[in-house]
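Asker: okay, here's the prediction I keep looking at, along with the sequence it came from:
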Amino acid sequence: GNASHLLAAGGNTGFTFRLPFSRFGNQPTLLQGHTGPLRRLRASASTSSSTAGGGGALALSVADDKRARVWALAGPHASETVLHFDRYSTNHKPEGPGNEALAAVQDGAFLCLDSAVALLSRDKLLVYKYELHDQDPSDDIRRLQRLGTYRLTGALKTREDVGKQLTTMACNNNMFSAMVLTLTSSKQILVWDLATETVAAQVSEAATHQREITCLKLAVPHSQFETPSTLDMFYTMGRDGLVKLWDLRTMAQCQTYQGHRHSAHSLECALSPCLRYMAVPGEDGVVSLYDVRTARVVASRRAHNDVASAVAFHPRLGALASCGFDGAIRFAKPEVAKKPPRRPPGGGMRVPLVERTAAVVEREVPVVDSYM
């Protein structure tokens, strides 16, 4: 997502922090409006050019109230809902035949550099085009009108034999890509090609995890590491205590990471932008860092007094954030070791390089469950 904000969720409320903390402080902006606990909170990859969006980043939320919302994170409408996905076809027309109430939204994401929004509703993958309106502050009537509109542009339905519902989705919003991954209620993974409106590939239930899958993500490498092979990776995390890395080209499993505790809660892991490390939270509060190639634990830290629920890397700096059921967000930022001093004139011994450990900064927010 956007590197200018850190998003977190606790209960019915979303929390957004402007980055860096040294400039904007650590007081969050609250996103309030859902009537159920948040299931997903994602930031846009770019900024909005409309006055409704405030010229800043946007956020997309999905909650247990089965609704999705788009929020402005900057400008005069910061922390306000600019789009409320409550009707099937469009919000430009009243609810009625052909434009029924949108039922049971399970997940959502921005697509193709924020040019569209994809939602999962029961057994359908819905794609919406949206537009945020320019506001005229001198005209009270226009100023009070809706801040944005959306319309349905595509609806893809799964076959009954692969699962009754689509529960989780993943896509790469940092580029124009027609590929979307979805997870079904029967633990099958479907790869959709939105250009042809077909399922291009899938992973069967027997090949995924023995227990429920709680995390499905695509690798999103830093631009310095983008190659056709690095963009063709995705990973899953299940309550069987395993994290698996997959190759999209063959739909085969590449590596398995195990050793962390995960059997009861919905946890989310993260792959670093350099693609060298897999950060995995644990139900014992420990965050483990695996080497992607060898699957060995290269570092671990008890970061939380309760369950560590999710982790995320800064997309450019590589700093790691974790949150947990103890209501804290904690940060681990690697420090660059100082260069050894120059050799003194006339000879002398070179001073050995001193290893420096990561600096950990702790921030407290009310009851944070997960963040994106």
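Answerer: That came through, no problem.
Asker: what segments of the stretch 151-300 of the chain are strands?
Answerer: Under the criterion DSSP state E, counting those that start in this stretch, strands of the stretch 151-300 of the chain are mapped to 166-170, 179-184, 189-193, 198-203, 213-218, 233-238, 242-247, 252-258, 270-271, 277-281, 286-291, 297-302.
Asker: would you turn those strands into a markdown table with mean neighbour count, distance to Val117 and mean pLDDT?
Answerer: For the C-beta atoms, the positions are set from N, CA and C on the backbone; glycine is no exception. As requested, the strands of the stretch 151-300 of the chain are exported to a markdown table (neighbours: other CB atoms under 10 Å; distance: least, CB to CB, whole Å; pLDDT from 0 to 100):
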| stretch | mean neighbour count | distance to Val117 | mean pLDDT |
| --- | --- | --- | --- |
| strand 166-170 | 22 | 11 | 96 |
| strand 179-184 | 23 | 12 | 97 |
| strand 189-193 | 21 | 15 | 97 |
| strand 198-203 | 15 | 21 | 95 |
| strand 213-218 | 22 | 17 | 97 |
| strand 233-238 | 23 | 21 | 97 |
| strand 242-247 | 21 | 25 | 98 |
| strand 252-258 | 15 | 31 | 97 |
| strand 270-271 | 23 | 22 | 96 |
| strand 277-281 | 25 | 27 | 97 |
| strand 286-291 | 22 | 31 | 96 |
| strand 297-302 | 14 | 36 | 94 |
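Asker: now the ones you listed as a markdown table including distance to Thr35?
Answerer: Shown next, in a markdown table, are those (distance: least, CB to CB, whole Å):
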| stretch | distance to Thr35 |
| --- | --- |
| strand 166-170 | 21 |
| strand 179-184 | 25 |
| strand 189-193 | 30 |
| strand 198-203 | 34 |
| strand 213-218 | 24 |
| strand 233-238 | 28 |
| strand 242-247 | 33 |
| strand 252-258 | 37 |
| strand 270-271 | 29 |
| strand 277-281 | 28 |
| strand 286-291 | 32 |
| strand 297-302 | 35 |
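Asker: quick one: the helices in the protein?
Answerer: For the chain, applying DSSP state H gives helices covering 21-24, 140-143.
Asker: which one of these has the poorest average confidence?
Answerer: Among the helices of the chain, helix 140-143 carries the lowest mean pLDDT, at a mean of 51.
Asker: contacting residues for Ser272?
Answerer: Going by CB atoms under 8 Å, 6 or more residues apart in numbering, Ser272 touches Met278, Ala279, Phe313, Gly318.
Asker: how many neighbours does the last one have?
Answerer: Using other CB atoms under 10 Å, the number of residues around Gly318 comes to 15.
Asker: separation between it and Thr196?
Answerer: 36 Å (CB to CB, to the nearest Å).
Asker: can you check the third one too?
Answerer: Counting by CB to CB, the separation of Phe313 from Thr196 is 33 Å.
Asker: okay, these two: which has more neighbours?
Answerer: A count of neighbours by other CB under 10 Å puts Phe313 above the other of Phe313 and Thr196, at 19 against 9.
Asker: give me the nearest residue to that one, chain neighbours excluded.
Answerer: Ser272 (5.0 Å; CB to CB, 6 or more residues apart in numbering).
Asker: likewise for His34?
Answerer: Using CB to CB, 6+ apart, the closest residue to His34 is Ala63 (3.8 Å).
Asker: many thanks, we can stop here.
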